[in-house]
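Trainee: Whatever this is, show me its structure:
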Amino acid sequence: MNINSMIVRARPERLPELRAAFAAIPGVEIHAASDDGRVIVTVEDGPEHTVEDSMLAVHTAPGVLSATLVYQYAGSDADDTDMTAAGGNNLEAQA
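Mentor: Numbers count the residues shown, from 1 in each chain. I've put the predicted structure just below:
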């Protein structure tokens, strides 16, 4: 699983067009948008697309002035377990 969050700065008059463009990009979801052109999106990878390709599409969408990565998570979905819950290396348990 790979999830990224981006803050996009866009031309305010192009927001309707930008929303449509983002809706067509695999793995992209708009979470907030302001009238002055600021947009918060997440980009998630999928079986038929990479997060890198989707992020590039966000950067090059019509009306985008800038796009900044603010959060990135990469890990295996259900395989990630807390080491203490799995009986792994826990310093408190070893003390």
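Trainee: Not counting stretch 18-27 itself, show me its contacts.
Mentor: Stretch 18-27 has contacts (CB atoms under 8 Å, 6 or more residues apart in numbering) with 8, 10, 28, 30, 33, 39, 41, 43-46, 48-49, 51, 53-54, 57-58, 61-64. C-beta: built from backbone N, CA, C; applies to glycine.
Trainee: And whatever helix or strand residue 8 lives in, what does it pack against?
Mentor: Assigned by DSSP states H and E, residue 8 belongs to strand 2-10. Here strand 2-10 touches strand 38-44, helix 51-59, strand 64-74, going by 3 or more CB pairs under 8 Å, 6 or more residues apart in numbering; DSSP states H and E.
Trainee: Now distance to residue 24 and mean neighbour count too, for the ones you listed, in JSON lines please.
Mentor: Below are those laid out as JSON lines (distance: least, CB to CB, whole Å; neighbours: other CB atoms under 10 Å):
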{"stretch": "strand 38-44", "distance to residue 24": "13", "mean neighbour count": "19"}
{"stretch": "helix 51-59", "distance to residue 24": "8", "mean neighbour count": "17"}
{"stretch": "strand 64-74", "distance to residue 24": "14", "mean neighbour count": "12"}
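Trainee: Kindly reformat the ones you listed as a markdown table containing mean pLDDT.
Mentor: Listed next are these as a markdown table, based on pLDDT from 0 to 100:
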| stretch | mean pLDDT |
| --- | --- |
| strand 38-44 | 97 |
| helix 51-59 | 95 |
| strand 64-74 | 95 |
